[in-house]
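>>> Generate a structure from the sequence data that follows.
(chains A, B, C and D, ligands or ions: 4)
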Amino acid sequence: MTISTETIKQIIRPYGDTTGDAMVQVSFTLPVPHGSRAAAAALQLAGKMGLDPASVVHSKAMGPDFTFFIVYGKATHLIDYAGISVPEGREYPLLTPQQVNLAIRTVLGRELVVVGACIGTDAHTVGIDAILNVKGFAGEKGLEYYREIQVHNLGAQVEVSELVARAKACDADAVLVSQVVTQKSAHLHNTKQMAAAFAEACGLGRPLLVIGGPRFDTVTPSDLGVDRIFGKGTTPGEVASYLVHALLPTWSPS
Amino acid sequence: MTISTETIKQIIRPYGDTTGDAMVQVSFTLPVPHGSRAAAAALQLAGKMGLDPASVVHSKAMGPDFTFFIVYGKATHLIDYAGISVPEGREYPLLTPQQVNLAIRTVLGRELVVVGACIGTDAHTVGIDAILNVKGFAGEKGLEYYREIQVHNLGAQVEVSELVARAKACDADAVLVSQVVTQKSAHLHNTKQMAAAFAEACGLGRPLLVIGGPRFDTVTPSDLGVDRIFGKGTTPGEVASYLVHALLPTWSPS
Amino acid sequence: MKLDLDPEVVAKARRLAARAAEPIIELARTHTTVSVERAVLRLAGVTGADADGTPWVNRLVDAVRDQVGLEHGVALPVFHALRDDPRELVRARFTIPSGADAVRARERARAAVGRGIARIDRNRADRNLLLGKHGDPEPPWIYLIVATGDIYEDIPQAQAAAREGADVIAVIRSTGQSLLDYVPEGATRQGYAGTYATQENFRLMRAALDEVSGELGRYIRLTNYASGLCMPEIATLAGLERLDMMLNDCMYGIIFRDINPRRTFVDQRFSRQIHARAGIVINTGEDNYLTTADAVDAAHTVIASQLLNERFGHEAGLADWQLGLGHAFEINPEIPDSFRLELAHAQLVRELFPDAPLKYMPPTKHMTGNIFAGYLLDAFFNLAGVLTGQSILLIGMMTEGIHTPWLSDRDLALENVRYVRRAAGALAEDFRPAPGGFTVTRARQVLAETVDLLDRVADDGLLTAIAQGTFGVTRRPADGGKGLDGVVAHADGYYNPATELLEEGP
Amino acid sequence: MKLDLDPEVVAKARRLAARAAEPIIELARTHTTVSVERAVLRLAGVTGADADGTPWVNRLVDAVRDQVGLEHGVALPVFHALRDDPRELVRARFTIPSGADAVRARERARAAVGRGIARIDRNRADRNLLLGKHGDPEPPWIYLIVATGDIYEDIPQAQAAAREGADVIAVIRSTGQSLLDYVPEGATRQGYAGTYATQENFRLMRAALDEVSGELGRYIRLTNYASGLCMPEIATLAGLERLDMMLNDCMYGIIFRDINPRRTFVDQRFSRQIHARAGIVINTGEDNYLTTADAVDAAHTVIASQLLNERFGHEAGLADWQLGLGHAFEINPEIPDSFRLELAHAQLVRELFPDAPLKYMPPTKHMTGNIFAGYLLDAFFNLAGVLTGQSILLIGMMTEGIHTPWLSDRDLALENVRYVRRAAGALAEDFRPAPGGFTVTRARQVLAETVDLLDRVADDGLLTAIAQGTFGVTRRPADGGKGLDGVVAHADGYYNPATELLEEGP
Ligand code: B12
Ligand code: B12
Ligand SMILES: Cc1ncc(COP(=O)(O)O)c(C=O)c1O
Ligand SMILES: Cc1ncc(COP(=O)(O)O)c(C=O)c1O
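Ligands and ions are numbered 1, 2, ... in the order given. Below you'll find the predicted structure:
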């Protein structure tokens, strides 16, 4: 965690069209029939959310049992912006592919082995492929392009047991897993299950566990038992740089 | 206030796609540069609003100093739906124009005099015209159509002093004022100023004061010193019926 | 031309509009108003206000009026009374000079006003230079509103809007201003739903936009609102501060501000002469009719009014490229084929006024609290704009039914129009109304109704038509409304150096 | 026809598609799979599952396979072994009968399967009756998804969606199901991002929609997903429970589920024979290609695949009105003219397959967390749908980039499409691509690229093309993927009463 250089005490509020107006927009559905009682319930909720005053600007019956609301209101909360440390960001330098290759060659003296997969029934491979395939993402080539990284991309719908077996078989330094479907928190369950399986199978000697996907923003790596989470918009270079940082801590680019 | 007949204890939550998921959508702007610290601030606000967990699903720099956020999250609040009494609604029967005319003829024995206006610099006459003009609103004819109501529609941008003078001059039973512009709470200031002026000029003998406009939903009549507030979608018939109810309390349709 | 309109019908509509306009033009030629006279003084270099904030031009015109009346204009009495220190003027005793005095006063007035007009000319030349230097954006121009009430909050918002893609910035005025019979002075920080139009606010905003134009390599136009009791003066200040477009309608003040019709007609002519000279594009206000009248039933009233605005504009010296005729996308989205009707109307306007920089206004009336529905309707408005080749697109706000635009509303609105232009900007190529089809039929019908209406207006008189509620279903009798007492018929020997110079041409 | 396509080029594309399809059809004619055999048993009336939830059809087919192999089909050994109590079958010893035994087994199998097919025929007739009774909605049909995972939550949501305007309800399957080599049994209440496809769930939902169809005076179609390891069986269950449309692609399972290509090609033929008989409209999955490949670069792969799907479909007995070929609005909205490119693609598909009920899919790939931008993109998708006369419009959700649809997302999505249809539903009249213009040129280019691609595929073989990543930039070798071990070459004397009856026709 690095603390922002800007340390002046700074209290902020949401901004509609003037400083301090604190206006926000909210929408939600309540499982009640449309009508003035429903609107009162919507305002009660807005009040509990700290919006005062709040106005229901739109409400619509969705069938006989549900009502959709759009509410605008003034948030009574203050945000202590100065007190927010810059959230855990990239606490390692971003390396070029050449630097990554050099680091691996220098420190490891052999290829770094990476196994990638989508586990469970998740079939969304576009994200992991963006990180691993030569084609890459956002103009950056994927890990396959790095001469000193050996990539085993197992594709989608891989069972955890199979993943563990394959990782052991090729003596993986790092396992990269993608999870996109979040319904019923599938991504969290699957990841925890995977972490547990590696812990059981490899103990302390387990490979680095890296998980990625667009909706991991509510959890931390330790919640899941993995080493690192990557979110929306991750580029291959960030991942490669992280691997160097985490697996070859002695190396520093000069 | 009437209490709903449905008195079963009923605790509800917002509904995304399953009962109890409690999901809501929020959007707002924070006056800080785009970046991970801003996102953390957005989550802090979401947290204070009682959203847990919450996800920033979209953020966008709006120039160098502002960031727009869309957040989804689970509201931790409960709404005591059973405890919500049906808010003050129409506590009087809705009359037909014939009934209104009959009531006035019977009880008052003369025409009921109504003065209408938009006060201050507000030029939005469509709303008051909808109530007063023959043409009316939502298929109902306006008060001018009622044989026993005498309507003086002063139009827009009427000064409070002029309104008071005109109301006195024609011995108005009721004054109907519209306020649409709400910036800097102009509608509230103007209304209070108007109520004060009538109080001063007429004392207790002041005419019935009725105010209307689409954005009075955060206040009550007593906050403003008027007798009644009408909001979005008001129809002329509702207003006429209210006038009978408030001015001719002895009358009841048989 | 996609609608294949009958040129004979179009010519007939123009003839009728000219006939209907003629008596009004005659009225405007033979009358002056307090604001016209104040504008003359402003051109002559009178600025500032007294300690109560009353502008010196008001003090002067009122003094002249009290003492000698306005029927000769202010120029002669004021320049006759002018000694060394102009500040003495307010305490001066005014007379109408005659003979050599009159000639001298006339010359001095003409010279002074000439300097004001020269400044307007320089601004016009500067604008052309800057357009060359920074570049003139391709139409449709994206027109965005700022309205914080505080010029110092407006400025960064306007610059941000320009950076996000706005080509034209409009600073909405405080709701009360158009009824003030004076123009406030100085930079202002307090307005309701808008910021006061003042010379200093104009200057500050124009400078800020020049700065951002340089940064963006695109000349950002600035617009404000002339309509109201001070139309001639605000037009003048716009010319003096190089504004680029101005809201300036021949009837808006009458219908939506209850300003006296005669007052408005006199004021609008002078203000348009200024705009013509300043190279300012005017924007007319027919869009407003559709907020009080039904957009289908009253479609022809929009066209009729545009033809009248065109006629009045031409007569005042405006070229076609300065006629930003207004219209709007206001059909109830619940009715069948609403978008097709909009296209028919918009295409009709486009074809009737091929060289006019049409100002197309977004939906407002049918915008509700449903911001998603609003965002959708705005998208179809943007699409209608590009399909029918509109010139100036006001950007609709999804929160139109709720509040004046927030920063994020504006940002989202710009994303909306940017998408539509990028994705479908050139789709007009494939929009070719089927001959005899729905679109063509509807356009012809509206044109036919326009001819009928203008016929009636030409016969009964425009003042009568206005009194009957023809435009915006609002009745405004010729002698009602505000500001009639500021109208004065010319006496023989009325002298107005500004009109003289403007009518001589550069 | 607005694009004025060269009929010779179109004919050539079809010839090449037929040539590319031929070896695959031959493969499908000469092989069976475990799921084809299970489907035969399902037609013959075998239902239910054991205590572990393994369906009896799986138990039987596995037993037959273990004991005598599947190369003769299950029909002969099973009906040979069948005594009085069918429940004894799982413990039976199977043999391949010969002589009179064979004839008898064959007859009994044919009679049993015939009863299943008769039920399918009755369902088809019932559908026609109900279409007459309740009324068949006008295209484009509004297609909405429910996906709660719980059939009892799906039902009210589906009914609500129908009341709001949906013409077709799709119940998304739980993410894992297509990889299961059995069809779960009974009503289910727990699925991930979807609800299991089971016979009972089909029945419950169809009944619920029949109820609401009566209420609405509009027959609401029900659709589900056949693709996956159980394609033949799910198709069969759909026929037995009067589903109306089914997702059924010749390559989706291969590319997006890593199911073995041979397995898929054999399964798809049988499932399509069922769908053909049942009067079910199939939906193909070309839209998915554009989620992994670029929608501009890969536009021609969509067309090539549609021509292949058409050929396979015709061969399996599907009529043109049953070919709900899929395509999608997935061009990056950041690129210039994206909407015009979409129109070119959509119109091309429309003109190539004039009688097919095209299924047009909304944007998904470029949907982000910006729900406003998403709502806008969905509106343009809806507009493209009505401008190009698409038949089945999936309804895009503004929250596509975030979560599976909420109740309010669906409601807002329906408001969106309702507005577009109401406002611009007939605008196709005025959408007439300029001859030689952008739209026409783009459509021709895509068609030319299609011909080139099919030429290559016909030469190299479709399995090779798939292995090379031609479709959806995903490489799938002919011997890779799941389920290859379920494929069995016919022995001489292979008997399948279902194929026999289906190929005989009604
Ligand atoms: C493409 C797509 C598909 C394709 C997948 C093709 C393929 N081979 O991947 C197809 C059409 C097959 C498909 C099917 C389904 N999909 Co889908 N699909 C999408 C879609 C449109 C885009 C996803 C995508 O490709 N994003 C682009 C990539 C580059 O982004 P990304 O995955 O976030 O990856 C980036 C980062 O997250 C990170 N990252 C990701 N993984 C990893 C791993 C590591 C180790 C690291 C370091 C980084 C990293 O780096 C990447 C690059 O920056 C989304 C909607 C949307 N617009 O997001 C729905 C979506 C993901 N699908 C969804 C669903 C439910 C399904 C289905 C179940 C049915 C349905 N409703 O469509 C089926 C079944 C799929 C299954 N069993 O998993 C839902 C998931 C809902 C949820 N949150 O639970 C979504 C959100 C749509 C929706 N709103 O309903 N889908
Ligand atoms: C039409 C319109 C105009 C027309 C007005 C014409 C006219 N003669 O009325 C014109 C074009 C002139 C106009 C100008 C301006 N407008 Co305006 N306008 C609107 C618009 C589009 C519709 C308002 C309307 O007519 N609603 C229909 C009527 C029937 O509804 P209603 O007023 O709510 O009335 C109903 C009830 O409220 C009630 N009711 C109302 N009054 C009364 C009174 C009584 C006694 C009773 C019993 C009931 C009652 O009954 C009515 C029938 O049900 C709204 C945006 C919108 N979509 O709402 C903006 C809006 C009201 N305008 C606005 C503004 C700021 C302006 C301007 C300052 C500049 C600008 N941004 O456009 C100028 C100046 C006006 C001024 N000085 O007041 C803002 C107000 C923002 C705010 N909340 O403060 C809005 C919301 C637009 C926006 N988002 O910026 N406007
Ligand atoms: C022609 C014209 N003038 C002026 C205005 C604004 O006038 P005001 O400042 O009086 O609200 C408008 C508003 O839309 C207009 O259309
Ligand atoms: C043709 C086809 N089949 C099936 C599916 C769904 O398959 P699954 O249930 O495997 O996710 C799709 C999804 O979009 C499809 O296009």
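>>> Buried residues of stretch C:43-63, list them for me.
Going by neighbour count (16 or more other Cβ atoms under 10 Å in any protein chain shown), the buried part of stretch C:43-63 is C:43-44, C:46, C:49, C:55-63. Yep, even glycine has a C-beta here, placed from its N, CA and C like the rest.
>>> Let me have those residues in a markdown table, extended by distance to ligand 1, pLDDT and secondary structure.
Output for these, formatted as a markdown table (distance: Cβ to the nearest ligand atom, whole Å; pLDDT from 0 to 100; DSSP: H, G, I helix; E, B strand; the rest coil):
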| residue | distance to ligand 1 | pLDDT | secondary structure |
| --- | --- | --- | --- |
| C:Leu43 | 60 | 98 | helix |
| C:Ala44 | 64 | 97 | coil |
| C:Val46 | 63 | 95 | coil |
| C:Ala49 | 59 | 95 | strand |
| C:Pro55 | 59 | 97 | strand |
| C:Trp56 | 63 | 95 | helix |
| C:Val57 | 61 | 96 | helix |
| C:Asn58 | 61 | 97 | helix |
| C:Arg59 | 66 | 96 | helix |
| C:Leu60 | 67 | 96 | helix |
| C:Val61 | 65 | 97 | helix |
| C:Asp62 | 67 | 97 | helix |
| C:Ala63 | 71 | 96 | helix |
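>>> residue ranges of the strands in the stretch 401-506 of chain C, please?
Taking DSSP state E, counting those that start in this stretch, the strands of the stretch 401-506 of chain C run over residues C:487-489.
>>> In chain C, which helix is the longest?
Scanning chain C for the helix with the most residues, using DSSP state H, yields helix C:99-134.
>>> Show me the beta-bridge partners of the residue nearest to C:Ile280 when sequence neighbours are not counted.
Closest residue to C:Ile280 apart from its sequence neighbours, by Cβ to Cβ, 6 or more residues apart in numbering or on different chains: C:Met246 at 5.4 Å. Counting by DSSP bridges, C:Met246 is bridged to C:Asn224, C:Ile282.
>>> any idea of the pLDDT on the residue of the stretch 151-300 of chain C found nearest chain A?
As assessed by Cβ to the nearest Cβ, chain A sits closest to C:Glu153 within the stretch 151-300 of chain C, at 6.6 Å. What the model reports as pLDDT for C:Glu153 is 90.
>>> CA atoms only: put stretch C:466-476 into CSV for me.
C-alpha atoms of stretch C:466-476 as CSV (Å, rounded to 0.1, in the frame of the first residue of the first chain):
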residue,chain,number,x,y,z
ILE,C,466,-51.0,36.0,-32.8
ALA,C,467,-53.9,37.3,-30.8
GLN,C,468,-55.9,34.2,-31.8
GLY,C,469,-53.3,31.8,-30.5
THR,C,470,-52.1,30.6,-33.9
PHE,C,471,-48.5,30.0,-32.6
GLY,C,472,-48.0,27.8,-29.6
VAL,C,473,-51.7,27.9,-28.8
THR,C,474,-51.0,31.0,-26.7
ARG,C,475,-53.2,34.1,-27.3
ARG,C,476,-51.3,37.4,-27.2
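>>> for the record, mean pLDDT for it?
Per-residue scores along stretch C:466-476 average to 95.
>>> List the buried residues of that stretch.
C:466-467, C:470-474, C:476.
>>> contacting residues around C:Tyr192?
B:121, B:181, B:183-184, B:186, C:149, C:174-176 (Cβ atoms under 8 Å, 6 or more residues apart in numbering or on different chains).
>>> okay if I get the residues you listed as CSV plus pLDDT, neighbour count and distance to C:Leu502?
Below are the contacts of C:Tyr192 laid out as CSV (pLDDT from 0 to 100; neighbours: other Cβ atoms under 10 Å in any protein chain shown; distance: Cβ to Cβ, whole Å):
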residue, pLDDT, neighbour count, distance to C:Leu502
B:Thr121, 86, 21, 32
B:Val181, 91, 22, 37
B:Gln183, 82, 19, 37
B:Lys184, 83, 14, 39
B:Ala186, 90, 20, 39
C:Gly149, 90, 25, 34
C:Ser174, 90, 21, 29
C:Thr175, 83, 22, 31
C:Gly176, 84, 19, 30
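>>> Can you add distance to C:Ala13 and give those back as a markdown table?
Shown next, in a markdown table, are the contacts of C:Tyr192 (distance: Cβ to Cβ, whole Å):
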| residue | distance to C:Ala13 |
| --- | --- |
| B:Thr121 | 37 |
| B:Val181 | 37 |
| B:Gln183 | 40 |
| B:Lys184 | 45 |
| B:Ala186 | 42 |
| C:Gly149 | 42 |
| C:Ser174 | 38 |
| C:Thr175 | 35 |
| C:Gly176 | 37 |
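>>> Quick check: phi and psi on the residue nearest to C:Asn288 when sequence neighbours are not counted?
Spatial nearest neighbour of C:Asn288, chain neighbours left out: C:Phe256 (5.6 Å); criterion: Cβ to Cβ, 6+ apart. Main-chain torsions, C:Phe256, degrees, to the nearest 10: phi -100, psi -10.
>>> what about C:Phe256, how many neighbours?
If you count neighbours by other Cβ atoms under 10 Å in any protein chain shown, C:Phe256 ends up with 24.
>>> Might one say that it is in contact with C:Asp287?
No - using Cβ atoms under 8 Å as the test, C:Phe256 is too far from C:Asp287 to be in contact (10.8 Å).
>>> Show me which residues of the stretch 51-200 of chain A sit near chain C.
A:56-58, A:60, A:70, A:72 (Cβ under 8 Å from any Cβ of the partner chain).
>>> how about the nearest residue to C:Gly114 once chain neighbours are set aside, what does it touch?
Nearest residue to C:Gly114 in three dimensions, chain neighbours excluded: C:Leu501, at 6.1 Å (Cβ to Cβ, 6+ apart). By Cβ under 8 Å, 6+ apart, the contact list for C:Leu501 reads C:110, C:113-114, C:117.
>>> Okay then, goodbye and thanks.
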